[in-house]
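*Asks:* Sequence isn't available, so here's the structure alone:
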């Protein structure tokens, strides 16, 4: 039956009803499978009274013959009571059984059959073997595609050749996990032209097909039928095998000539009853028995405890993924926590203990104790011990086993676990019998950006090392998105990794950030930025060169798009060169030289540096100063002397330069050289994108935010208000919100169906100080985090067994809410959701109550200006003015200094003699003779071991002077201004202040750090 919904009701006229339950399915009455919603929610809420009906539509319909409800909770004032109804429709099934040693199906298209651009193969399978070939599709020239089970995963492989000696196959895709669980799994292969979609159950992966499979023959091979040399055959059952809608099993039943093979039209696979140990308190007590196979994800756990005949207890324990028999001290096996089934055989004979783990693979260990050992009597505890056990037979010295066991043996006979379930044999607690509840939490992996997934029985973990991302699922980038952002963190020039889309799919790239000037430049080099002479290959009149950039294509284009301005130098030096395109404004034909630029391989460009796109000219053609006015480029003139066409390419869609094609370089006497500089970009269109909200009722709205499994939000804000909602998006029940709840607290709240959760960060300083503050919030399937400035991260773990899809359907509100209450007043800047920047400025231009942009950056970043540098406002950002400081650099952090050897000096001439002679002023000359200055400031610092020494000497053309000298621990100042002559001793560590005037006597006052002349 195809089950789509279930409904429950309590017992009529009673106080008996279920309040929660588990739902189980089976197609054989054994090997039950728990139904889970969203791959996580295991339980279903039930009834709250005996009369109302509670119905649940299954998100993924289930196909089953048997249904079971396991009560979890019920009315405490009554008993378990249930009325159950299922909804669905009939299900048609055609099945074949395949065994090792023979059997298989082969299907070939009839000759002349019309091929289509779309082909679909679908089937269901179940097996308890973790390896085997499901499907083989033959292509041309002996190549073939194989769909194979390997260690419980389904792999799509490409084999070159038809024999194993052809080499190992190439893996194209891998999907699914634990597919050897004896449950039906749905597989679809859909070919669309040159690509193929592989679907296993609910998960799909798209792969590009090799050219030889543009058309293919489909050949099903599960056993060696003489069509394949690969012996790893499938052992299990196949259901509803379809090729382009044709039921191949039904064709085989009717002996259709297109389908050949030897199969059994039923599924007679034996079912082994498994038992699950879900928690640390689970145990199974039996008379002497041994575990035959087990599977787990945990690296440690107690498999069995048993008594020895001569007294004492031995433990069969999983330690660091190896099996250890504690007492004699025997180890066997390795990597036993991989989720696969592993066989165990424990025997004792003549004082020898032998542990065989996966004996078929050679895993055998022996031990010879110094005293006789005999087993086979007493009780055996599997998985752990009872909570109240502390006797000699069983002690909880180790963590309990969490995993599955099957094929337990008692006196060399299988243990009837159904009898155990019915309490007819042994004793147990907190077990799930007749099912294996193992889950692969890493398939599909929730780890993003190449993070490596590992797991235990209950949780998964992402290893983000070397990925460039962090967080519970490796979602958030550890790098800034631009050089501009690094600058405003206080960094200076250097190499940095930038991640232009943050948590998006584009990875980080290494660039050089030049922060020495007013603008911050991102520099991306390529493989040849030097001036290079052109050497055409023999027999060719063209020279082609390709430029390789260290960044990937999508990284380059994203960096260019995000920048406010990009440029790249392109220069062409030539002697006796030709590049004729137009002559006297008349078209003369194709150019000899061109370049390619832009996305991908680039487009042909016929303009050159300094000209405009589409102009088909060089810079001199636009400026009208070419060496030959009949041409638009200097190198079109065909002259014997060297000339050049140089300039900057600034049209972003044409950048970067990918290739150069330089022609007409083989003529006698013709020479040329070229240079393509690095790609330079400045500005960050996203970093300064801001909006100002001046009312509590004002807001911006955007389309619904989609962050079902992972959502990260980052922005900067500044305000003088003590509360306000930064962001809100609602669903039917779900929501997400970030708000300033008080002048010192930010709250990140959301609901994904488990009830509202909040993450709070409290600041020790007010946040309404009109300075920029940074907020970063992230929510994923494992946890939610909130970061505020550089404060410690606040974390809220997600429920272990709960909903995790965030389902929103309304507009996204920025700076306010749908109710227009508690709106934010202030500035929001650089708002990004999952790496995508929202254009606040453009939306603010058309929204009343909101203004684009937000000035006033020195209040937040002014402290970055050092050494008396002054912060000056810019439209987007700020600038440190170092003109009144003896320092330079982006933050006035680089000292301007020089090292002098004995007898050396530096001389500055402020005005030439002839300029002074033309000056009619009779006033003493200063730095600028055409201006009357009231004072002059001089500041310096020094370090020396020489004494005496002259530090500073200033003179004018009117024989006035000032001299600063040092002698041991003293400084001596000597001067002559007009009619005033004087000197003064200055004692260290103080410097001096000297005041000068023609009307007043010179007055010296000691002062630290600088000298002032007035």
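*Replies:* Received it, and whenever you're ready, just let me know what you need. Treat the numbers as computed from the prediction; the structure is a model and nothing was measured. Numbering: from 1, shown residues only.
*Asks:* Skipping adjacent residues, who's closest to residue 762 in space?
*Replies:* Of all residues beyond its chain neighbours, the one nearest residue 762 is residue 745 (5.2 Å), with distances taken as CB to CB, 6 or more residues apart in numbering. Using the backbone N, CA and C atoms, a C-beta is placed for each residue, glycine as well.
*Asks:* Just to check, that neighbour is in contact with residue 761?
*Replies:* Yes: at 7.0 Å, residue 745 counts as touching residue 761 under the criterion of CB atoms under 8 Å.
*Asks:* Which residue of those two possesses the greater neighbour count?
*Replies:* Using other CB atoms under 10 Å, the more surrounded residue of residue 745 and residue 761 is residue 761, with 21 against 16.
*Asks:* what helix or strand is the more buried one on?
*Replies:* In the assignment (DSSP states H and E), residue 761 maps to strand 757-762.
*Asks:* now do residue 303
*Replies:* Secondary structure from DSSP H and E places residue 303 in strand 301-307.
*Asks:* Low-confidence stretches in the stretch 451-600 of the chain?
*Replies:* Applying pLDDT under 70 to the stretch 451-600 of the chain flags residues 536, 577-590.
*Asks:* Helices of that one, residue ranges please.
*Replies:* Ranges of helices in the stretch 451-600 of the chain, per DSSP state H, counting those that start in this stretch, are 483-487, 553-562.
*Asks:* for the chain, same thing?
*Replies:* 248-253, 417-421, 483-487, 553-562, 619-623, 840-844, 858-861, 913-917 (DSSP state H).
*Asks:* Setting aside sequence neighbours, what's the nearest residue to the most centrally placed residue in the chain?
*Replies:* For the chain, the residue nearest the mean C-alpha position is residue 449 (3.2 Å; CA atoms, centre = their mean). Leaving aside its sequence neighbours, residue 449 sits nearest to residue 469 (CB to CB, 6+ apart; 4.5 Å).
*Asks:* Correct me if wrong: that neighbour contacts residue 476.
*Replies:* Yes: counting by CB under 8 Å, residue 476 is a contact partner of residue 469 at 6.1 Å.
*Asks:* Report the set of residues contacting both of those two.
*Replies:* Listed as contacting both residue 469 and residue 476 by CB atoms under 8 Å, 6 or more residues apart in numbering are residue 503.
*Asks:* circling back to that earlier point, buried deepest among the helices of the stretch 451-600 of the chain, which one?
*Replies:* helix 483-487 (a mean of 25; mean count of other CB atoms under 10 Å).
*Asks:* Can you give me the neighbour number for residue 312?
*Replies:* Neighbourhood size, residue 312 [other CB under 10 Å]: 11.
*Asks:* just use 18 as the starting number from now, easier for me
*Replies:* Okay, using 18 as the starting number, the last item reads as residue 329.
*Asks:* got a pLDDT number for it?
*Replies:* Per-residue confidence (pLDDT) for residue 329: 71.
*Asks:* ok, now residue 801?
*Replies:* Residue 801 is given a pLDDT of 95.
*Asks:* got the contact list for it?
*Replies:* If you count contacts by CB under 8 Å, 6+ apart, then residue 801 has 765, 767, 774, 776, 794-795, 812-813, 815 around it.
*Asks:* One more: residue 615?
*Replies:* Residues in contact with residue 615 (CB under 8 Å, 6+ apart) are 670-672, 675.
*Asks:* go on, residue 292?
*Replies:* 301, 421-423, 425, 434, 437, 448-451.
*Asks:* JSON lines for these, including pLDDT, distance to residue 572 and neighbour count?
*Replies:* JSON lines is the format used below for the contacts of residue 292 (pLDDT from 0 to 100; distance: CB to CB, whole Å; neighbours: other CB atoms under 10 Å):
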{"residue": "301", "pLDDT": "91", "distance to residue 572": "56", "neighbour count": "27"}
{"residue": "421", "pLDDT": "94", "distance to residue 572": "45", "neighbour count": "22"}
{"residue": "422", "pLDDT": "93", "distance to residue 572": "50", "neighbour count": "27"}
{"residue": "423", "pLDDT": "90", "distance to residue 572": "50", "neighbour count": "21"}
{"residue": "425", "pLDDT": "86", "distance to residue 572": "56", "neighbour count": "26"}
{"residue": "434", "pLDDT": "89", "distance to residue 572": "56", "neighbour count": "24"}
{"residue": "437", "pLDDT": "90", "distance to residue 572": "59", "neighbour count": "22"}
{"residue": "448", "pLDDT": "92", "distance to residue 572": "53", "neighbour count": "21"}
{"residue": "449", "pLDDT": "92", "distance to residue 572": "49", "neighbour count": "20"}
{"residue": "450", "pLDDT": "92", "distance to residue 572": "54", "neighbour count": "16"}
{"residue": "451", "pLDDT": "92", "distance to residue 572": "53", "neighbour count": "21"}
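*Asks:* Give me the domain ranges for the protein.
*Replies:* Domain assignment for the chain by the TED database gives 19-106, 112-242+249-277, 291-450, 544-696, 706-871.
*Asks:* Pull up the gap between residue 774 and residue 341, please.
*Replies:* Residue 774 sits 42 Å away from residue 341, taking CB to CB, to the nearest Å as the criterion.
*Asks:* In terms of packing, which of the two has more residues around it?
*Replies:* For residue 774 versus residue 341, the count of surrounding residues by other CB under 10 Å is larger for residue 341: 21 against 16.
*Asks:* Pretty sure the more buried one sits against residue 353.
*Replies:* No: Residue 341 is beyond contact range of residue 353, at 10.5 Å (criterion: CB under 8 Å).
*Asks:* Now list whatever residues contact both of these two.
*Replies:* Residues touching both residue 341 and residue 353 (CB under 8 Å, 6+ apart): residue 335.
*Asks:* Just the pLDDT for the nearest residue to residue 705 once chain neighbours are set aside.
*Replies:* Ranked by CB to CB, 6+ apart and with sequence neighbours excluded, the top spatial neighbour of residue 705 is residue 893, at 3.9 Å. pLDDT, residue 893: 70.
*Asks:* Wait, residue 893 touches residue 703, no?
*Replies:* No: contact criterion CB under 8 Å: residue 893 and residue 703 do not qualify, at 10.9 Å.
*Asks:* higher neighbour count, these two?
*Replies:* The neighbour comparison of residue 893 against residue 703 (other CB under 10 Å) goes to residue 703, with 24 against 16.
*Asks:* I appreciate the help and will end here.
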